[in-house]
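**Student:** Below are the sequence and a predicted model; questions follow.
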Amino acid sequence: MGLVVPARSSYDIEEQKREQKYGKSYKWIALSNTTLGALMASINASILIISLPAIFKGLNVNPIDPSSTVLLLWLLLGYSIVSAVAVVSVGRLSDMYGRVRLYNLGFAVFTIGSIGLYVSSLYITGTVGALSLIFIRILQGLGGAFLFANSAAILTDAFPSNERGKALGFNQIAAVGGSVLGFIIGGLLAGIDWHLVFLINVPFGIIGTVWAYVALHEIASIKKNQKFDVLGNATFAIALILLLVGITYGLLPYGSSTTGWSNPFVLGSIIVSIILFVSFVIIELRTLEPMMKLSLFKIRAFTFGNLSLALAGLSRGGLQFMLIIWLQGIWLPLHGVSFSNTPFEAAIDLIPFAVGFLISGPLFGYLSDKKGARLFTTSGMLINVAAFLLLLTLPADFDFVSFALITIFFGIGQGMFSAPNTAAIMNAVPPNTRGAVSGIRSTFLNTSFMLSLVLFFTILIATFGHELPPAITSSLTALNVSQNVTASISNIPPTGILFSALLGYNPIKSVIPPKDVPILGAKIYSELTSKQFFPKLISKPFIDSMRVVFYIGAAMAFVAALFSALRGKRYVYAGINEKTKKAKPGIKKNSQSKKAGKQSSQKREKTGQLKS
């Protein structure tokens with residue numbers, strides 16, 4: 001009998017070499033640094049929502065004024081639009097020039113943007129000040145795109161395939177937790193000094209930039225002399241910009257309509273974007289080194305992972321805003337909270353969702369490393385379907401314990417889906433495409449979130465536009481308000497009322513013309529601007545529209561579950577340097593086993609993939 005020794009996988013050898021070169025703790029350094037980046041980018045995306053009233057007051061700009069609505073939208077969404085547009089191109093550049101190098105650049109750009117925002121807020125006010133903040137936020141969004149595009153790729157490079165779900169689970173806790181922390185931090189800092197909202201990221205950005213530069217290393221093998229697909233990148237960027245800008249302006253009133261979907265600019269932007277997306281596919285199919293390798297969509301796990309991600313984003317992307325408006329516009333005022341304090345209180349009330357995600361994200365990321373993603377991602381989406389249906393049972397003035405339990409349930413389902421799905425997508429592709437794939441995944445996620453927000457808001461505004469004016473007229477007539485004042489208030493666009501509630505203003509107080517206050521009299525004016533009047537006024541039309549939103553959200557979550565189930569069994573790309581299945585111990589080390597092992601290795605290298 002020859003000597004029996006345990007066989008070692010090719011990854012074991014690569015892991016040993018990596019540990020010898022960078023140390024055993026390198027993968028945890030990569031996780032902690034990319035988690036800091038995800039946390040900063042996530043906080044930055046939500047911190048403004050709660051602090052906008054203080055910011056616009058400091059700038060001496062009225063965000064509810066129709067002429068300022070565009071400024072409000074761009075300050076809210078400009079960062080997300082730029083991140084969504086740039087992230088695919090940045091991912092491709094990362095595969096060409098190094099993921100760590102461009103990640104470090106993103107950290108630096110993000111930090112410079114944070115410094116610029118703080119300086120601008122100190123010295124520039126008025127409309128020019130708002131425009132300055134918008135342009136610097138766009139720059140910061142570009143830095144965020146570098147962070148988003150490379151975080152998952154760096155973690156995929158650093159961790160073996162049987163640990164990636166766990167690593168991505170912890171990383172995505174920062175992203176979800178950061179969105180809630182952004183609301184809380186924004187509320188606290190805006191109450192002290194609104195300039196601090198922009199300063200908070202600066203010290204962490206400097207630390208993260210220096211730390212990333214010193215501690216992170218380029219593990220991926222970067223092929224030299226790659227060509228950048230200029231035409232493909234330009235076509236895709238213009239198409240996505242037109243789509244996102246077009247749908248964003250679709251939320252604004254146009255002419256006599258409560259929304260802008262009949263606006264020629266909106267329609268033209270969407271039509272041209274569709275034409276350009278078709279052109280982009282043709283360009284990529286004819287390009288030797290395309291920005292987006294469409295052949296990746298032949299990989300079942302990659303395709304259905306991204307499709308389920310997009311449907312999951314469509315189902316829940318706008319939900320957080322809908323719940324915020326519900327809390328700030330109805331529930332909190334009914335429970336005695338002043339409108340100015342509702343943004344901070346709403347952030348506190350949404351913590352249960354983050355708790356649910358915190359519980360399930362790392363746990364199911366870890367389990368997916370052992371069992372594969374399909375069971376957990378599909379179950380997570382079905383839990384979200386159930387959570388949407390449970391939200392349908394809540395009245396406008398709900399019991400908070402029921403609301404908290406449902407949102408925890410929602411967070412658990414999302415945690416079950418998020419990390420396993422990301423790990424499954426990243427595991428399924430060749431190592432030299434991980435930067436681009438991470439960018440594609442982020443684009444699916446960010447774009448679906450934007451589309452969801454626009455879809456849900458459109459449903460809400462359409463229902464409001466139909467049901468709110470008669471409700472206002474009936475309520476004001478009952479208070480013996482004059483017909484002129486009643487007509488004036490009834491004709492206020494529902495968009496303005498919703499934005500008022502979102503920003504923590506008393507919506508009725510914001511829309512009553514000052515000249516009409518003496519006509520109303522102190523008693524009626526006090527009744528109209530009380531904490532109870534507006535919530536009771538909008539409760540029925542709001543709940544009617546929210547039911548439509550919840551049904552649509554449940555339907556899209558169910559389709560996401562179907563796509564998730566179609567992803568197939570656990571699937572990991574196994575190239576020359578990586579392999580997921582270890583040979584069983586006890587193989588005799590002789591010439592026959594060596595020959596068989598060599599043939600098996602050659603077969604794997606030829607196919608470039610492994611099913612388990």
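**Tutor:** Perfect, thanks for sending it.
**Student:** three-state assignment of the residue nearest to L566 when sequence neighbours are not counted?
**Tutor:** Nearest residue to L566, sequence neighbours excluded (C-beta to C-beta, 6 or more residues apart in numbering): F304, at 4.8 Å. Glycine gets a C-beta too; all of them are placed from N, C-alpha and C. Under DSSP: H, G, I helix; E, B strand; the rest coil, F304 falls in the helix class.
**Student:** swap in G106?
**Tutor:** helix.
**Student:** Please verify my assumption that it contacts G144.
**Tutor:** Yes: using C-beta atoms under 8 Å, G106 makes contact with G144 at a distance of 7.2 Å.
**Student:** The two - which one has more neighbours?
**Tutor:** G144 (32 against 27; other C-beta atoms under 10 Å).
**Student:** Quick check, pLDDT for the more buried one.
**Tutor:** We have a pLDDT of 86 for G144.
**Student:** Next, count neighbours for V559.
**Tutor:** With other C-beta under 10 Å as criterion, V559 counts 18.
**Student:** and the residue nearest to it when sequence neighbours are not counted, what helix or strand is that in?
**Tutor:** Here the nearest residue to V559 in space, its sequence neighbours aside, is L311; by C-beta to C-beta, 6+ apart that works out to 5.0 Å. Assigned by DSSP states H and E, L311 belongs to helix 300-316.
**Student:** For that helix, the averaged confidence score.
**Tutor:** In the prediction, helix 300-316 has an average pLDDT of 92.
**Student:** what's the answer for stretch 181-192, then?
**Tutor:** 81.
**Student:** ditto for stretch 545-553
**Tutor:** pLDDT averaged over stretch 545-553 gives 91.
**Student:** which other residues reach it?
**Tutor:** Residues from elsewhere that reach stretch 545-553 (C-beta atoms under 8 Å, 6 or more residues apart in numbering): 315-316, 318-319, 322, 326, 384, 388-389, 391-392, 455-456, 459-460, 462-464.
**Student:** Show me how to select, in PyMOL, the buried members of those.
**Tutor:** The PyMOL command for the buried members of those (criterion: 16 or more other C-beta atoms under 10 Å) is given here:
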select buried, resi 315+316+318+319+322+326+384+388+391+455+456+459+460+462+463+464
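**Student:** from the contacts of stretch 545-553, which ones fall inside helices?
**Tutor:** 315-316, 319, 322, 326, 384, 388-389, 391, 455-456, 459-460, 462-464 (DSSP state H).
**Student:** which one among these gets closest to Y249?
**Tutor:** L455 (14.7 Å; C-beta to C-beta).
**Student:** Which residue, neighbours along the chain excluded, lies closest to that closest one?
**Tutor:** Going by C-beta to C-beta, 6+ apart, L455 has G318 as its nearest residue, at 6.5 Å.
**Student:** So which elements touch the helix holding L311?
**Tutor:** Counting contacts by 3 or more C-beta pairs under 8 Å, 6 or more residues apart in numbering; DSSP states H and E, helix 300-316 packs against helix 374-391, helix 400-427, helix 434-478, helix 533-565.
**Student:** Distance from the chain centre to the first one, please.
**Tutor:** Meaning helix 374-391. Computed by C-alpha atoms, centre = their mean, to the nearest Å, the chain-centroid distance of helix 374-391 equals 19 Å.
**Student:** and for that helix, what are the contacting residues?
**Tutor:** Contacts for helix 374-391 (C-beta under 8 Å, 6+ apart): 308, 312, 315-316, 360, 364, 367-368, 406-407, 409-410, 412-418, 420-421, 424, 546, 550-551, 553-554, 557-558, 560-561, 564-565, 567-570.
**Student:** now for the helices and strands packed on helix 300-316, which one comes closest to D157?
**Tutor:** Closest among the helices and strands packed on helix 300-316, using C-beta to C-beta: helix 434-478, at 6.7 Å.
**Student:** so how far is whichever helix or strand S368 is part of from its chain's centroid?
**Tutor:** Using DSSP H and E, S368 sits within helix 351-371. Chain-centre distance of helix 351-371: 17 Å, with C-alpha atoms, centre = their mean.
**Student:** what's the angle from it to helix 300-316?
**Tutor:** 170 degrees (axes from the mean of the first three to the mean of the last three C-alpha atoms, to 10 degrees).
**Student:** Show residues contacting helix 351-371.
**Tutor:** By C-beta under 8 Å, 6+ apart, helix 351-371 touches 161-170, 172-173, 176-177, 179-180, 320, 376-377, 380, 404-405, 407-416, 418-420, 423-424, 570.
**Student:** Closest to the geometric centre of the chain, which residue is that? Let me know.
**Tutor:** Central residue of the chain (C-alpha atoms, centre = their mean): N446, 5.1 Å from the mean position.
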